[in-house]
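K.L.:
Fold the stuff below for me.
(one chain, ligands or ions: 1)
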Amino acid sequence: MSIVTVDVALGTRGYPIRIGAGLLADASAWRTAIRGRHVLVVTNEVVAPLYLERVQSGLQGFTHAALVLPDGEAHKTLASSANVFDALAALGATRDATILALGGGVIGDLAGFAAACWMRGIDFVQMPTTLLAMVDSSVGGKTGVNLPAGKNLVGAFHQPRAVVADTDTLATLPDREYRAGLAEVVKYGAIGDSDFFAWLEANADALNARDGAALVEAIAVSCRHKAGVVARDEHEHGERALLNFGHTFAHAYETETGYGTLLHGEAVAIGMVLAAQLSADLGRAPRVDAERLATLLAGLGLPVAPPRCDPDRLIAHMRLDKKNLGGRLRLILWRGIGRAEIVADVDEAAIHAVLTAAH
Ligand code: NAD
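P.N.:
So this is what the prediction gives:
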């Protein structure tokens, strides 16, 4: 099966995203991204038994070690980054060391953050093993950790030297995690690519079956979109915000139901459907497009109706969203499939009506 490369065009900080089957075991695909002698693989207790050996077998000639962290979002913390710093120190890592982040978005965000901090910034390579990490978190350079006060409150923009997405790793991903990643794939079609959206509709069965060729195509198109947005708006001053389509609703439901009840991708699926319905209610988009979006997401095994929650409490959470300006609700809505837009000062009564009708 073919390997696809997508380039992130950021000048001297640009990098390739390689996508295909068998990439982890084929060290020629990623060893060239390592510039110095020291390599630390950061991974977790779920991923290590599955894939660490494949990576380590490609590290002959380097001074290398592996740090295996406990699994889960609860460990995306400053304490875990301190563990990474200690492991780098024990390795004798110098300014030209490289971190390999082998895992999902939790490992990628944490290891990338540690790489941004160690000696004020060293190289790192993203080796995403979840679909969400392949199409979203490993591309674009956002790194960070959580505090008890909130998610991702401490972080840095730090671009990787390369992204290596081995689609073979998706075979072991739990079903819900896989489908949560598909929600982010659908998002790229929904916000900016109606042809890709139609392709997803036509290939839903192949994606449900985790067909290798369909996966490479879906990941490559998604990464091309993310790479394009990141190249044009690296630090989220404008267009990059469109990637948050559905996310304001999603965060409100995640907060209200307690983190962990809904996977993020599941909440995003619900959030996108609500954003599309709100756009239709406001007369900005065809209702039939909202229905197509819900049908595609449901066909990919994602939830499209929210859990029962108090609309006023949800709106209170939405008011705290980072995208708001001057106390007014600012949302990513759309004109229809493939055409997302930022809308300032959205009418709260209309939001209330959508939230009330949703369940
Ligand atoms: P995750 O990293 O927690 O992975 C999900 C689960 O799958 C974990 O239990 C993990 O151990 C397991 N797993 C990983 N790969 C596996 C494999 N191949 N086989 C079997 N099990 C596997 O979750 P995620 O959804 O990948 O990432 C979520 C994180 O990403 C959040 O912390 C979120 O804040 C972050 N994120 C960051 C960005 C960004 O731009 N930096 C964007 C979106 C999300």
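K.L.:
which residues are in contact with the longest helix seen in the chain?
P.N.:
Assignment by DSSP state H gives helix 212-232 as the longest helix of the chain. Residues from elsewhere that reach helix 212-232, judged by CB atoms under 8 Å, 6 or more residues apart in numbering: 1-2, 4, 6-10, 17, 19-21, 131, 134-136, 139-141, 163, 165, 167, 170, 184-185, 188, 192-193, 196, 199-200, 203, 206-207, 239-240, 242-243. To be clear about C-beta, it is placed using only N, CA and C from the backbone, and glycine gets the same treatment.
K.L.:
Equivalent analysis for stretch 137-150, please.
P.N.:
By CB under 8 Å, 6+ apart, stretch 137-150 touches 8, 17, 73, 76-78, 80-81, 101, 104-105, 108-110, 112-113, 115-116, 126, 128, 152-160, 163, 165, 223, 226-227, 229-230, 234, 240.
K.L.:
what about it, average pLDDT?
P.N.:
Stretch 137-150 shows an average pLDDT of 94 in the prediction.
K.L.:
buried sites along that stretch?
P.N.:
S137, S138, V139, G140, G141, K142, T143, G144, V145, N146 (16 or more other CB atoms under 10 Å).
K.L.:
what does stretch 163-173 give?
P.N.:
Buried residues in stretch 163-173 (16+ other CB under 10 Å): V163, V164, A165, D166, T167, D168, T169, L170, L173.
K.L.:
Stretch 331-340 too?
P.N.:
L331, I332, L333, W334, G336, I337, G338, R339, A340.
K.L.:
need the contact list for F197.
P.N.:
F197 sits in contact with V186, G189, A190, R292, L296, I337, G338, where contact means CB under 8 Å, 6+ apart.
K.L.:
whoops, I mixed them up, R179
P.N.:
By CB under 8 Å, 6+ apart, the residues touching R179 are G265, E266, L300, G301, L302.
K.L.:
picking up where we left off before, which elements pack onto the helix or strand just after the longest helix of the chain?
P.N.:
Per DSSP states H and E, helix 212-232 leads on to helix 247-257 as the next helix or strand towards the C-terminus. Secondary-structure packing of helix 247-257 (3 or more CB pairs under 8 Å, 6 or more residues apart in numbering; DSSP states H and E): helix 264-281, helix 311-319, strand 331-334.
K.L.:
For the stretch 251-359 of the chain, give me the ranges with low pLDDT.
P.N.:
322-327 (pLDDT under 70).
K.L.:
Once you drop chain neighbours, what's closest to the residue of the stretch 151-300 of the chain found nearest the ligand?
P.N.:
Per CB to the nearest ligand atom, the residue of the stretch 151-300 of the chain with the smallest distance to the ligand is T172, at 3.6 Å. Excluding the flanking residues, the one nearest T172 by CB to CB, 6 or more residues apart in numbering is L50, at 5.7 Å.
K.L.:
Near that neighbour, how many other residues are there?
P.N.:
14 (other CB atoms under 10 Å).
K.L.:
Can you report phi and psi for it?
P.N.:
phi -80, psi -40 (degrees, to the nearest 10).
K.L.:
about what we covered before: check the buried residues of stretch 137-150 against the ligand, which are close?
P.N.:
S137, G140, K142 (CB under 6 Å from any ligand atom).
K.L.:
Write out the residues of the protein neighbouring the ligand.
P.N.:
Residues of the chain lying near the ligand (CB under 6 Å from any ligand atom): 44, 46-47, 50, 71, 73, 76, 103-107, 109, 129-130, 132-133, 136-137, 140, 142, 152, 169, 172-173, 177.
K.L.:
ok, E266 to D175 distance?
P.N.:
12 Å (CB to CB, to the nearest Å).
K.L.:
Those two: which has the busier surroundings?
P.N.:
E266 (22 against 10).
K.L.:
The more buried one contacts A183, doesn't it?
P.N.:
Yes - the criterion here is CB atoms under 8 Å, and E266 meets it with A183 at 6.9 Å.
K.L.:
so where is the stretch 1-150 of the chain shaky, pLDDT-wise?
P.N.:
1.
K.L.:
Show me where it has its helices.
P.N.:
Ranges of helices within the stretch 1-150 of the chain are 53-56, 78-91, 105-117, 131-132, based on DSSP state H, counting those that start in this stretch.
K.L.:
outside of the last one, which residues touch it?
P.N.:
Where contact means CB under 8 Å, 6+ apart, the residues beyond helix 131-132 that reach it are 104-105, 170, 173, 177-178, 180-182, 184-185, 219, 264-265.
K.L.:
doesn't H352 make contact with D281?
P.N.:
No - applying CB under 8 Å, one finds D281 not in contact with H352, separated by 10.9 Å.
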